[in-house]
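**Q** Turn this into a structure:
(one chain, ligands or ions: 1)
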Amino acid sequence: MIAVIDFGSQYTQLIARRVRECKVYSEIVSCLDDFSSLVDRNVEGIILSGGPGSVYNVNIKAYRRIFALGVPVLGICYGMQLAAQLFGGKVKKSRTREYGLAFLTHYSNPLFKRIPRRIRVWMSHGDVVTEMPPNGKVIARTETTPIAAFQSGNFYGLQFHPEVRHTQHGKGIIRNFVFDICHGRRTWSVHRFVDEEIARIKKMVGRDRAICGISGGIDSTVAGTIAARALGRNLIGVFVDNGVLRMDEREEVDANLSSIMNLRVIDARQRFLKRLARVKDAEKKRKIIGHEFIKIFEAEAKRVRNVKFLVQGTLYPDVVESGSGIGPADVIKSHHNVGGLPKRMKLKIIEPLRMLFKDEVRDIARHLKLPSSFIERKPFPGPGLAVRIVGVVNPSRLRTLRQADRILQEEAQGLRNYREIWQIFAVLLPLGSVGVMGDKRTYDSVCAVRAVCSDDGMTADWVRLPHGFLDRVSRRIVNEVKGINRVVFDITSKPPATIEWE
Ligand code: XMP
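**A** Residues are numbered from 1 along each chain as shown. Okay, here's the model as predicted:
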């Protein structure tokens, strides 16, 4: 296996997952570990992740143990700086912090075998290697970073992120490390993952029962299906209408899923909206929604005998971005199914998809032969429209956003590249603006249209939607939705923005 040492990067799991895409097993190990567990494992190589810290601010001597294992090591960003410092080079804060795309030129090296000489790479760092360690050789540069990659013995360091999609040939670089440098073996598969999860859940739950929070999206459906395969009738699906769903969503989920599992539909609209009333802060909204969800599940669990477990469709991006991952990642957003959990949980949590990304989950859905309507469904956040209404959530603003979003969805179905779009949705801003309709002055809300492409939700770019489409959507929203007199189009990538506005 290839071990990925997590120094708190937002992209750590992405690295592990790129290795799994090579069908080589990969596991994440915290940088706080003493790495002794790696000694007897069949470790073929090690990847050091990036991280938010600076190597000159911490005692890095303990990491010598990683190199003592004697297998090839690839350091990414912080990981490269760490090795540079350990091997006797110098790392300093760079004069200009570098975020986004840069052009890399590499010199011939096994790590860049079959990779074009000049490629676009994704940078995200504040520190740089300014002096090479003795015995190290520079193997790539960019316009602003003369040491963009180096090799020293069987260590390879990259200042950029090969794991993110926006780095051209990033997968190829990782593949070169895994196969040409580490001689990794292809033993990992979706099939094996599902079988192992079913066996694990069976063993964990035994004769007890589990409930599964069903949102109607692919994550909870796949998690629920895996759990149902393990537990049969002892898995109970619970769908909560939290009052911040999209138009007609409850009816659609009910109609589609009750044939797949034993589904209970709970109407909790009033309860959620009461708790959300007058709350403006995004993190507070997320926490409230997560908390209420769990309380409802707990109450539901009490009504059925022997329910001791809660199955959730949490994916890895939810875990990382809530700062509750394996390493010291920064909290970006508390995802309702992780950060919102109250401390005193009465149910034990099962998260079969905790280590996976969306497209891996889609592969599993295909493997489980779920209907294509689920496989193709776009992600929808747990806190629903509450995080797409910036500021206060109330029934009238919900009505406005639902209508605008419905129009956008109707129009989007006709887009030629609809299937390739990761998410397309409307956002209601807490902003009024002056308009003129039928010779009358209006002072109404602004609606933003967001459309992004991504393959895992970790990084994303905005979709260049056709002007004719934007024009139609804008006209229809302003004409048909009372309370909106202006439509804007969000043209920000992630990073620096996130996909959802809150
Ligand atoms: P952000 O906004 O963090 O979103 O760039 C990344 C992806 O995650 C979805 N998202 C969520 N999913 N619970 C979820 O299950 C949540 O609390 C949540 N917040 C965001 C978002 O729609 C995007 O696909």
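**Q** I'd like the distance from the helix or strand hosting residue 256 to the chain centre, please.
**A** Secondary structure assigned from DSSP states H and E places residue 256 in helix 249-257. Relative to the chain's own centre, helix 249-257 is displaced by 25 Å; criterion: Cα atoms, centre = their mean, to the nearest Å.
**Q** Can you tell me which helices and strands it packs against?
**A** Applying 3 or more Cβ pairs under 8 Å, 6 or more residues apart in numbering; DSSP states H and E, we find helix 249-257 packed against strand 235-241, strand 263-267. C-betas here are computed from N, CA, C, even on glycine.
**Q** Mean pLDDT and mean neighbour count added to those, as JSON lines?
**A** Listed next are those as JSON lines, based on pLDDT from 0 to 100; neighbours: other Cβ atoms under 10 Å:
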{"stretch": "strand 235-241", "mean pLDDT": "94", "mean neighbour count": "23"}
{"stretch": "strand 263-267", "mean pLDDT": "94", "mean neighbour count": "15"}
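**Q** Indicate which one of the ones you listed is closest to residue 207.
**A** Comparing those by their distance to residue 207 (Cβ to Cβ), the top pick is strand 235-241, with 13.0 Å.
**Q** show me where the stretch 101-250 of the chain has helices.
**A** Using DSSP state H, counting those that start in this stretch, the helices of the stretch 101-250 of the chain run over residues 170-175, 190-205, 218-231, 249-257.
**Q** now the longest one: how far from the chain's centre is it?
**A** Between the mean C-alpha point of helix 190-205 and the mean C-alpha point of its chain there is a distance of 23 Å (Cα atoms, centre = their mean).
**Q** on that earlier part again, what's the closest of the helices of the stretch 101-250 of the chain to the ligand?
**A** Nearest to the ligand, of all the helices of the stretch 101-250 of the chain, is helix 218-231, at 6.5 Å by Cβ to the nearest ligand atom.
**Q** Alpha carbons of the closest one, in CSV - could you do that?
**A** What follows is helix 218-231, C-alpha atoms only, in CSV (Å, rounded to 0.1, in the frame of the first residue of the first chain):
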residue,chain,number,x,y,z
ILE,A,218,-26.9,9.8,-4.0
ASP,A,219,-24.8,9.7,-0.9
SER,A,220,-27.5,8.7,1.6
THR,A,221,-29.1,6.4,-0.9
VAL,A,222,-25.9,4.5,-1.5
ALA,A,223,-25.0,4.5,2.2
GLY,A,224,-28.5,3.2,3.0
THR,A,225,-28.4,0.6,0.2
ILE,A,226,-25.1,-0.8,1.5
ALA,A,227,-26.5,-0.8,5.0
ALA,A,228,-29.7,-2.5,3.8
ARG,A,229,-27.7,-5.1,2.0
ALA,A,230,-25.9,-5.8,5.3
LEU,A,231,-28.9,-5.6,7.6
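**Q** still on that earlier bit, which residues does the helix holding residue 256 contact?
**A** Under the criterion Cβ atoms under 8 Å, 6 or more residues apart in numbering, residues 214, 215, 216, 221, 237, 239, 241, 263, 265, 371, 373, 374 lie in contact with helix 249-257.
**Q** number of nearby residues for the third one?
**A** The local packing count at residue 216 equals 19, with neighbours defined by other Cβ atoms under 10 Å.
**Q** Setting aside sequence neighbours, what's the nearest residue to it?
**A** Counting by Cβ to Cβ, 6 or more residues apart in numbering, the nearest residue to residue 216 once its immediate chain neighbours are dropped is residue 253, at 3.6 Å.
**Q** can you count the residues close to the residue in the stretch 151-300 of the chain that the ligand sits nearest to?
**A** Going by Cβ to the nearest ligand atom, the ligand is nearest to residue 286 of the stretch 151-300 of the chain, at 6.0 Å. As a burial measure, residue 286 scores 24 neighbours (other Cβ under 10 Å).
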